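Asks: any chance you could fold what I've pasted below:
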Amino acid sequence: MGRYRISVATGAWLFSGSHNRVRLWLVGAHGEAELELQLRLARGEVEEFDLDVPQDLGPLQFVKLRKQHSLVDDAWFCDCITVRGPGACAQAAFPCYRWVQGQGVLSLPEGTARLAGDNALDVFQKHREKELKERQQMYCWATWKQGLPQTIAADCKEDLPPNMRFHEEKRLDFEWTLKAGALEMVLKRVCTLLSSWNCLEDFDQIFWGQKTALAEKVHQCWQDDELFGYQLLNGANPMLLRRSTALPSRLVLPSGTEELQTQLEKELQNGSLFEADFILLDGISANVIQGEKQYLAAPLVMLKMDPNGKLLPMVIQIQPPNPSYPTPTLFLPSDPPLAWLLAKIWVRSSDFQLQELQYHLLNTHLVAEVIAVATMRCLPGLHPIFKLLVPHIRYTMEINTRSRTQLISDGGIFDQAVSTGGGGHIQLLRRAVAQMTYCSLCPLDDLADRGLLGIPSALYAQDALRLWKIIARYVEGIVHLFYQRDDVVRGDPELQTWCREITEVGLCQAQDRGFPICFQSQAQLCHFLTMCIFTCTAQHAAINQGQLDWYAWVPNAPCTMRMPPPTTKEDVTMATVMGSLPDIQKSCLQMTITWHLGRRQPDMVPLGHHKEKYFSSPKATAVLSQFRTDLENLENEITARNEQLELPYEYLKPSCIENSITI
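Replies: The predicted structure follows:
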C-alpha cells in the first residue's frame, strides 16, 4: 500500500470549471488503480487529495480521466495533474492544458519529453501513435485560394477544434471591441454629416477616440520628409527598404534631370543611396467600391541617408514606364508642395497594401498557421519540439479563420475600403508567395540582403537581430537536451515528417524557395525552429503594432486612392489631394479596424512568459528561465536607448511582443 498526493488544477478561463463528475486512474509500470475522488472542478482552483492505493504501481506513466455527465456535457479545462508517490518518490506532472469533453477516456502521459526512438516503454509509443492518428483526423489541411499556403480546414470559427478556439474572455473582448468600433464609426459619420470635406484639416473631425502618443505625433508631422523616410526604416513596414547597389533600371531620368542623376550617383558611390520599390503592385486589379473605381500604383522612391542617420526622399516615380507613359513623371522635394505631398501619399498608400497583405498576412499569419497545423498533425504531445512550439501557436488558427471570413472574404473589410480589395488582394498574395523565401523570414539573411546591417538609425534591424540571437540561444538550449548528435536529428521520423509537412504540404512545395524538406543536423534544426518562433512572435509584433501608430491618421497611410496618380505637377490642387484620399466612410473604417487589430490585447502573454509548464525536467526549466533573463536584459537595454530618442521604437521590446499570433 502506498499513499499518493494528487493535485488537479483547473484553468482560470471563464467557464473552465465544470459541474460534471470526473473519474481518475493512476497508471504505473506495475499496474493501475481507479481513485475514489469527488472533484470540485472550480475555475482557477487546485484540488488536492491524499489517497491510499493498495498495490505498488511502480513509476507512474499515465493519468487517465473520464468526465461523466447525465444531461449536460459541461466542458472542463484541465491545466495539469500532479502526483507525488509514496516515500521519496519524485513528483510526476501530467500536463493537459486542453478542454475535456464527452465521456471518452483521456490519457495524459507523464510530462517528460521523449523522442520516438527513446521509448524503452512500448506504452508511450502506442500512445503517441494513437494521439497523432486522432489529431490528423481533427486537424486537416484545406486550400483557401489556389497558389497560397494551405490553411486549417475550417469554414468558420465554429468548425475549429475546441482547443484552438478563443477562450471566452478573448472572444468577448474581440467581439465587443468590434461593436464599440462600429458605434464610434456611426458617431463620426453623424458628427461630419453637415461638415465640409475639402481640406486636410477636415480629417481632424474624425481623429478622436482611441489613439496613441505616436499617432498624435504622426498627425502633427506626417508631411515632413524626415518622418516619411523614418517610416521605411522603423514604421509599420520596415521590410521593403534596401540599400541601392545600382540605379534601378525602371528609374527613367529624362533630359533636364542631369543634376538629379549626379546627386543619385554621388549617394550611390558613398553607399548612402536607398530605394523602396513597390513593383509588386504593378498591374494588380484595383477595387470598385459601391460603383466607384479605386486606383493603385507601383511607386519607386529613392532616398539618401544623411550623416545624422536621417533617411530623406530624393525622387519619387509613381508608376513604372509603360507604352503609354515611357517617361513617367518624376516628383522631387523642390516641386510645388501639394504635388510632392501627393506623390508621398501615393507611396504611403502603396506601402499600406504591401504591409497588410505581403508582410503581415502572408509572412506572419499564414506562415504561422502552416507551422501550427503541421505541429498538431505531426508532433505528439510527448515530443520536445511540440512542447517547445505549442505556446507559440495559441489562438492563431481562430484569428486567421476570422480573417478569412471577415477581413479578406468576399464582401469583407478589404472589399469595403481597400484599393486591393475585390480580388486584387488575392493576386497580390500570389505574387508575394514567390518572393517569400526561407532567407526572407530570417532577419540576418534578410537584412544582409537588403544592406541594412550596421545602420545606427535602423532600429527595427538592430532589435530584430538581438531578438533572433536570444531566441536562437533558447532553441539551442532545448534542442541540445534531446538531440546530442546530428544522427539523432536525422533519425527522428516524427521531426522529419513535420519538416516535410510544412515545406511540401503547408507551403506548397516551397523547397524551391529554400525551405528544407528534412533536417540533417542540429544547426539546421535550430535555425528552422528559431525562424518559426521569431515569425510567430517578434516579426508579427514588429509588423502588427505599427498599425496603431502610423495608420490612425488616414492621410499618412490611405487604405485606398480614389483618383488616378498625377502625371503632371502643376495641376495638383487641394481638390486633387482630397479627391484622391479615402472618403469619410472609408477613413472611419480604416481607423476602426487598425485600432482593433493593432491594440494590445487584454489577455496578452509576453514572449517567453506562458504559464503552461509543458516541460517537466529541471534542465529544460533552466533553459526557459535563462531565456526570460535574456529577454529582461534586452528590455532594459531598449528602454534605456529609447529614453534618448525623439521617437522611441517599442515594437520589439520583449514586454510588447505577444507569445503567439492572437490578433
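
Asks: give the buried residues for the helix or strand encompassing Gln626.
Replies: Element membership for Gln626, per DSSP states H and E: helix 618-642. Neighbour-count burial for helix 618-642, counted by 16 or more other Cβ atoms under 10 Å, picks out 620, 623-624, 627, 630-631, 634-635, 638. (Glycine included, C-beta is placed from N, CA and C.)

Asks: now those in a markdown table, with distance to Leu24 and pLDDT?
Replies: Output for those, formatted as a markdown table (distance: Cβ to Cβ, whole Å; pLDDT from 0 to 100):
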| residue | distance to Leu24 | pLDDT |
| --- | --- | --- |
| Ala620 | 26 | 96 |
| Val623 | 31 | 98 |
| Leu624 | 28 | 98 |
| Phe627 | 33 | 98 |
| Asp630 | 39 | 98 |
| Leu631 | 37 | 98 |
| Leu634 | 43 | 98 |
| Glu635 | 41 | 98 |
| Ile638 | 47 | 98 |
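
Asks: list the contacts for the residue lying closest to Gln545 once chain neighbours are set aside?
Replies: Spatial nearest neighbour of Gln545, excluding adjacent residues (Cβ to Cβ, 6 or more residues apart in numbering): Tyr651 at 4.7 Å. Listed by Cβ atoms under 8 Å, 6 or more residues apart in numbering, the contact partners of Tyr651 are 460, 463, 541-542, 545-546.

Asks: for Glu265, same thing?
Replies: Glu265 sits in contact with Leu247, where contact means Cβ under 8 Å, 6+ apart.

Asks: can you rerun that using 6 Å?
Replies: If a contact means Cβ atoms under 6 Å, 6 or more residues apart in numbering, then Glu265 has no contacts.

Asks: secondary structure element for it, which one?
Replies: Here Glu265 is assigned to helix 258-270, by DSSP H and E.

Asks: what comes into contact with the helix or strand containing Met578?
Replies: In this assignment (DSSP H and E), Met578 forms part of helix 574-580. By Cβ under 6 Å, 6+ apart, the surrounding residues in contact with helix 574-580 are 199, 338, 342, 561-563.

Asks: again with stretch 520-534
Replies: With Cβ under 6 Å, 6+ apart as the criterion, stretch 520-534 contacts 371, 392, 441-442, 468, 471-472, 475-476, 479, 483, 486, 489, 519.

Asks: quick one: least confident helix or strand in this structure?
Replies: Ranking every helix and strand in the chain by mean pLDDT, DSSP states H and E puts helix 168-191 at the bottom, with a mean of 83.

Asks: buried ones in it, by neighbour count?
Replies: Those would be 170, 174, 177, 181, 184-185, 188, for helix 168-191 by 16+ other Cβ under 10 Å.

Asks: kindly report the same for stretch 131-138.
Replies: In stretch 131-138, counting by 16+ other Cβ under 10 Å, buried: 131-132, 135.

Asks: which among those gets closest to Pro456?
Replies: Arg135 (47.7 Å; Cβ to Cβ).

Asks: so that closest one versus Asp155, what's the distance?
Replies: The gap separating Arg135 from Asp155 is 20 Å, by Cβ to Cβ, to the nearest Å.

Asks: ditto for Pro323
Replies: Pro323 sits 44 Å away from Asp155, taking Cβ to Cβ as the criterion.

Asks: again, but for Glu131
Replies: 26 Å.

Asks: where does pLDDT dip in the stretch 551-663 of the chain?
Replies: By pLDDT under 70, the stretch 551-663 of the chain has no low-scoring segment.

Asks: ranges for the helices of the stretch 1-150 of the chain?
Replies: Secondary structure of the stretch 1-150 of the chain (DSSP state H, counting those that start in this stretch): helices located at 122-138.

Asks: tell me where it has strands.
Replies: Ranges of strands in the stretch 1-150 of the chain, per DSSP state E, counting those that start in this stretch, are 2-10, 21-28, 31-35, 46-53, 60-68, 76-84, 91-100, 105-109, 141-142.

Asks: adjacent strands (with direction) for the shortest one?
Replies: Same thing as strand 141-142. strand 151-152 (antiparallel) (DSSP bridges).

Asks: let me have the contacts of Tyr651 in a markdown table, extended by pLDDT, neighbour count and secondary structure.
Replies: Shown next, in a markdown table, are the contacts of Tyr651 (pLDDT from 0 to 100; neighbours: other Cβ atoms under 10 Å; DSSP: H, G, I helix; E, B strand; the rest coil):
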| residue | pLDDT | neighbour count | secondary structure |
| --- | --- | --- | --- |
| Tyr460 | 98 | 23 | helix |
| Asp463 | 98 | 25 | helix |
| Ala541 | 98 | 22 | helix |
| Ala542 | 98 | 28 | helix |
| Gln545 | 95 | 23 | coil |
| Gly546 | 95 | 25 | helix |
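
Asks: okay if I get those as a markdown table plus distance to Gln91?
Replies: Shown next, in a markdown table, are these (distance: Cβ to Cβ, whole Å):
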| residue | distance to Gln91 |
| --- | --- |
| Tyr460 | 44 |
| Asp463 | 39 |
| Ala541 | 36 |
| Ala542 | 40 |
| Gln545 | 40 |
| Gly546 | 45 |
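
Asks: coming back round to it: tell me the most buried of the strands of the stretch 1-150 of the chain?
Replies: strand 76-84 (a mean of 22; mean count of other Cβ atoms under 10 Å).

Asks: turn the buried residues of helix 168-191 into a markdown table, columns for distance to His69.
Replies: Putting the buried residues of helix 168-191 into a markdown table (distance: Cβ to Cβ, whole Å) gives the following:
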| residue | distance to His69 |
| --- | --- |
| Lys170 | 26 |
| Phe174 | 29 |
| Thr177 | 34 |
| Gly181 | 39 |
| Glu184 | 43 |
| Met185 | 44 |
| Lys188 | 49 |
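
Asks: what's the closest of those residues to Thr537?
Replies: Distance to Thr537, by Cβ to Cβ, is smallest for Lys170 among those, at 17.6 Å.
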